[in-house]
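Novice: What shape does this take:
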Amino acid sequence: MNLFAEMRFLVIAALDKMTVAGELPEGLSFDNVAVEPPRDALHGDMATNAAMVLAKPSRHKPRDIAEKLAGYLMQDARITAADVAGPGFLNLRLAPAVWQGIVKKTLEQGAAFGRSSVGAGRRVNVEYVSANPTGPLHVGHTRGAVFGDALAGLLDYAGYEVTREYYVNDGGAQVDVLARSVYLRYLEAHGQDVAFEDGTYPGDYLIPVGQALKDKVGDAFVGKGEQFWLAELREFATEAMMTLIRADLAQLGIKMDRFYSEKSLYGTGLIEAAIEDLRGKGLIYEGYLDPPKGKKPDDWEPREQTLFKSTEHGDDVDRPVMKSDGSWTYFAPDIAYHYDKVNRGYDLLIDVFGADHGGYVKRMKAAVSALSGGQVPLDVKLTQLVKLFKNGEPFKMSKRAGTFVTLRDVVDQVGPDVTRFVMLTRKNDAPLDFDFDKVLEQSRENPVFYVQYAHARVCSVLRKAAEAKIEVSDATLLAADLSKLDHQAELAVARKLAEWPRLVEIAARSNEPHRIAFYLYELAGDLHGLWNKGHDEPGLRFVQEDDSATSQAKIALARAVAVVISAGLGILGVKPMDVMR
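Specialist: Residues are numbered from 1 along each chain as shown. I've put the predicted structure just below:
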C-alpha cells in the first residue's frame, strides 16, 4: 500500500475532471505530476507539484490551477485541507483515519507491507566483492560486500529476481604471485628460511596453506623449479584462498548464488565469441591509439592494436582488446564475462566496484551496451574508502594480513550487525569513517543500536502488556479501535510508517540501500520520541492501566513500527533485537 501513489491517483483523477470541465486543455501529459512529503512537515502531510508542472504547457497561472485543483480534492473525505503555497504548490492535510488505516494495513500485511512490484519479476545480476583470490578480504572489500548484499536484498524485496554473483579473478598474473608465495610458506614448513621479495604476499594467512601443501605432497616440490609446481600450486592456492574468502563472507552472513571463474573464459572460446559478436556489429578494428594526455613517454611509438569502438557507446576513447603480440588485454575477458551475463538473459546488470576502478566504468557500460544492442542497462556502483579509528587513532594494520585490516578484524571487534549497518550509514560513493568506539556506544549516536533498541522496546511493551493480562496477539491488535490513536505524536509515527512503501521503491529504482538505513534511523527516532513523551504525558504510554482497548490501539502502533523495522533490517542483513543487553 503506497499511500503517496494513491494520493497521486487522486490528483490525476481530479486533473482529468478539470480537463473534461474545460478548465485545462486536452492532451496534457501528467507524467511529471508528483505527490511527495512536503519539505517542511508544518506545511502539511503531502504536497503536489501539479500546478507548477502544468502551468507552462496549459498557459494557465499555477496558482489558478492549484486553487481549482484544491476544490476537486476537497471533495474526497480523506483530504481535510488543500492549501496553495508560494507560486502554486498545493499542500494537503489528510484525515486522522488515513493514518490510523496505515497502522491497520501494516498489521494486516505484516512482512509484506512495503514490498513492491517495481521489479516486476525482472532478472537482475548483482556482482559484488569479486576480490582477487590472493588473501583474506580487507575492510575495503567489506564495504563493497555489505553494499552489494544489501542492494541485492533491496531489489529482491522490490520484486526483482536477483542473482548474487562473485567474479573470481583467477586468470591473471596475481595468481602466479600467490602460488610463489605459497611455495615459500611450503619451504618454510620444511624448516627452510625464506625471504619474501617485493611483490609477494607475506601475510601469516599463507602459513597454514604452506603446511597443507606439505601434508599433501610431502617434499615432492622442494628444490624443484617452478615449471614443476607452478600450475598445480595455482589451483591449490586459489582454492585455499576462495575457501578463506567464503568463510569471510559467511562471517557477514553473505552467501553468493554463483562464483564465476575468470579462468573458465580462457580456452573455451568465450572470449573469442564475445569479440566476434562485436566484430559482427562493426565495432572491432585494427588501429592506433594516441598516447595518454600529458603522459607521453619519451620512447613512445604508436602500435597497431585490435580495438573496440567503445566511443560509439559513450566511452571517451576506443579500447584495446588484443595486444600487438596477439595476447588478450585485461579488458577482453571482462567483455566476455559480461557477454555471458547478457546471454544468460538478465534484464539489468549491476557491478559493485571499489573507487579505484572508477576509470573502468565507461568502458564496461560501453561494452554491455554494444553486446546487448542497448537493451540491457549496466549500473556500476563505486564504493569509497573506509577509514578505521580506535581510541582516537587510526586502527593498526593486521599482522595476519601483512599489509591491511581484514574483514575478520572488523567483525571480531564489533560483530556482523554493527559492521553491516554502519557501512550503510553513508552513500556508497562517499568516504566513511568507522570508529570502533562510537559504533559500540549505546546511544543515539550509534545508529544500529538506536534502531535495534526501538525494536527491543516494542518487544518489551508486548511483554509488559502480557504481564498485565492484556491480549496483544496480532489478530487482536488488528481488531483494535485505532481511532483512539488521535494524538499528533502518535499520528506522526503513523505518517512515517506510510513513507515506507514509497521509500522502498525510490531506493530500489536508484539502487541506493543506504536510504533504508536512513529511514530506519528516522522511524526509530519517532518511536523513541513517542516513548519519551509518555514520561510527561501518561496518556501517551503504550500500556494504559485498566484500559485494555486503549492499550491495544497504542500497542498496535508500536507493533506496526516493529514490523517495518524488522523488514528494513532484513533487507540490510541485520537482525532485529528482542532484548538489548
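Novice: in the stretch 51-200 of the chain, which segments are predicted with low confidence?
Specialist: The model of the stretch 51-200 of the chain has no residue with pLDDT under 70.
Novice: so where's the protein uncertain?
Specialist: Regions of the chain meeting the criterion pLDDT under 70 cover residues 292, 294-299, 397-403.
Novice: Can you give me the domain assignment for it?
Specialist: By the assignment in automatic domain parsing, the chain contains the domains 3-94, 173-251, 444-572.
Novice: Adding distance to T134 and mean neighbour count, write these out as TSV.
Specialist: The C-beta positions use only the backbone N, C-alpha and C, and glycine is treated the same way. Output for those, formatted as TSV (distance: least, CB to CB, whole Å; neighbours: other CB atoms under 10 Å):
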stretch	distance to T134	mean neighbour count
domain 3-94	47	17
domain 173-251	5	17
domain 444-572	28	19
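Novice: Export these to TSV and append columns for distance to P377.
Specialist: Putting those into TSV (distance: least, CB to CB, whole Å) gives the following:
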stretch	distance to P377
domain 3-94	20
domain 173-251	27
domain 444-572	11
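Novice: wait, which of those is closest to V118?
Specialist: Ranking those by proximity to V118 (CB to CB) places domain 444-572 first, at 5.0 Å.
Novice: End to end on the closest one, go ahead and measure it.
Specialist: Across domain 444-572, the terminal residues are separated by 19 Å (CA to CA, to the nearest Å).
Novice: follow-up on the earlier one: and the domains of the chain: which comes nearest M423?
Specialist: Counting by CB to CB, M423 lies closest to domain 444-572 out of the domains of the chain; the figure is 9.1 Å.
Novice: How about W99: what's its closest non-neighbour residue?
Specialist: A494 (3.8 Å; CB to CB, 6 or more residues apart in numbering).
Novice: and the one you found, what does it touch?
Specialist: Taking CB atoms under 8 Å, 6 or more residues apart in numbering as the contact definition, A494 lies against 99-100, 102-103, 485, 557, 560.
Novice: ranges for the strands of the stretch 201-350 of the chain?
Specialist: In the stretch 201-350 of the chain, strands defined by DSSP state E, counting those that start in this stretch lie at 258-261, 284-287, 305-308, 319-322, 348-354, listed in chain order.
Novice: Contact partners for the residue nearest to the spatial centre of the chain?
Specialist: Central residue of the chain (CA atoms, centre = their mean): L151, 2.8 Å from the mean position. For L151, the set of contacting residues under the criterion of CB under 8 Å, 6+ apart consists of 126, 128, 350, 352, 381, 511, 513.
Novice: May I see the strands of the stretch 201-350 of the chain organised as a markdown table, with distance to S443 and mean neighbour count added?
Specialist: As requested, those are exported to a markdown table (distance: least, CB to CB, whole Å; neighbours: other CB under 10 Å):
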| stretch | distance to S443 | mean neighbour count |
| --- | --- | --- |
| strand 258-261 | 40 | 15 |
| strand 284-287 | 59 | 14 |
| strand 305-308 | 53 | 21 |
| strand 319-322 | 50 | 22 |
| strand 348-354 | 31 | 21 |
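Novice: Mind checking what secondary structure R8 has?
Specialist: In the three-state summary, R8 is assigned as helix, counting by DSSP: H, G, I helix; E, B strand; the rest coil.
Novice: so it makes contact with D31?
Specialist: No: at 11.1 Å, R8 does not count as touching D31 under the criterion of CB atoms under 8 Å.
Novice: wait, A77 sits on A95?
Specialist: Yes: with contacts defined as CB under 8 Å, A77 counts as touching A95 at a distance of 6.8 Å.
Novice: follow-up on the earlier one: quick one, phi psi at the residue nearest to the centre of the chain?
Specialist: Main-chain dihedrals, L151, degrees, to the nearest 10: phi -60, psi -40.
Novice: M46 now?
Specialist: Backbone dihedrals for M46, given as degrees, to the nearest 10, come out at phi -150, psi 160.
Novice: what bridges to it?
Specialist: According to DSSP bridges, L92 are recorded as the beta-bridge partners of M46.
Novice: Let me know the distance separating it from V35.
Specialist: According to CB to CB, to the nearest Å, M46 and V35 sit 5 Å apart.
Novice: do G267 as well
Specialist: Shown here: G267 relative to V35, a distance of 57 Å by CB to CB.
Novice: How about the residue nearest to the centre of the chain, nearest residue that isn't a chain neighbour?
Specialist: In space, L151 is closest to P513, 5.0 Å off (CB to CB, 6+ apart).
Novice: one step back: any common contacting residues for M46 and V35?
Specialist: Common neighbours of M46 and V35, using CB under 8 Å, 6+ apart, are 4, 7, 92.
Novice: before we move on, back to that, mind listing what the residue nearest to L151 touches?
Specialist: By CB under 8 Å, 6+ apart, the residues touching P513 are 147, 150-151, 153-154, 424, 507, 571-572.
Novice: Repeat the analysis, applying 10 Å as the threshold.
Specialist: Taking CB atoms under 10 Å, 6 or more residues apart in numbering, we find P513 in contact with 146-155, 157, 381, 424, 427-428, 507, 571-573.
Novice: do the same with A70
Specialist: For A70, counting by CB under 10 Å, 6+ apart, the contacting residues are 14, 48, 51, 79, 81-84, 90-92.
Novice: Against L249, how distant is the residue nearest to the centre of the chain?
Specialist: Spatial separation of L151 from L249 under the definition CB to CB is 15 Å.
Novice: same thing with A465?
Specialist: The gap separating A465 from L249 is 40 Å, by CB to CB.
Novice: And for S324?
Specialist: Using CB to CB, one gets 40 Å for the distance from S324 to L249.
Novice: can you check Y157 too?
Specialist: Noted for Y157: a distance of 21 Å to L249, by CB to CB.
Novice: Name the nearest residue to R426, sequence neighbours excluded.
Specialist: Ranked by CB to CB, 6+ apart and with sequence neighbours excluded, the top spatial neighbour of R426 is L432, at 4.5 Å.
Novice: isn't that neighbour right up against K387?
Specialist: Yes: at 7.2 Å, L432 counts as touching K387 under the criterion of CB atoms under 10 Å.
Novice: out of the two, which sits in the busier spot?
Specialist: Neighbour tally, L432 and K387, criterion other CB atoms under 10 Å: the higher count belongs to L432, 19 against 13.
Novice: hey, what's the more buried one bridged with?
Specialist: V386.
Novice: can you give me the helices in the stretch 51-200 of the chain?
Specialist: With DSSP state H, counting those that start in this stretch applied, the stretch 51-200 of the chain shows helices at 62-73, 96-109, 139-157, 173-189, listed in chain order.
Novice: so which of these comes closest to G373?
Specialist: Distance to G373, taken as CB to CB, is lowest for helix 139-157 among those, at 23.6 Å.
Novice: what inclination does that closest one have with respect to strand 348-354?
Specialist: 160 degrees (axes from the mean of the first three to the mean of the last three CA atoms, to 10 degrees).
Novice: how close does the closest residue to A468 other than its chain neighbours sit to E23?
Specialist: Taking CB to CB, 6+ apart, and ignoring the residues beside it in sequence, A468 has V543 as its nearest neighbour in space, at 6.1 Å. Per CB to CB, V543 is found 52 Å from E23.
Novice: Also Y166?
Specialist: 58 Å.
Novice: and if you look at L230?
Specialist: Computed with CB to CB, the distance linking L230 and E23 is 80 Å.
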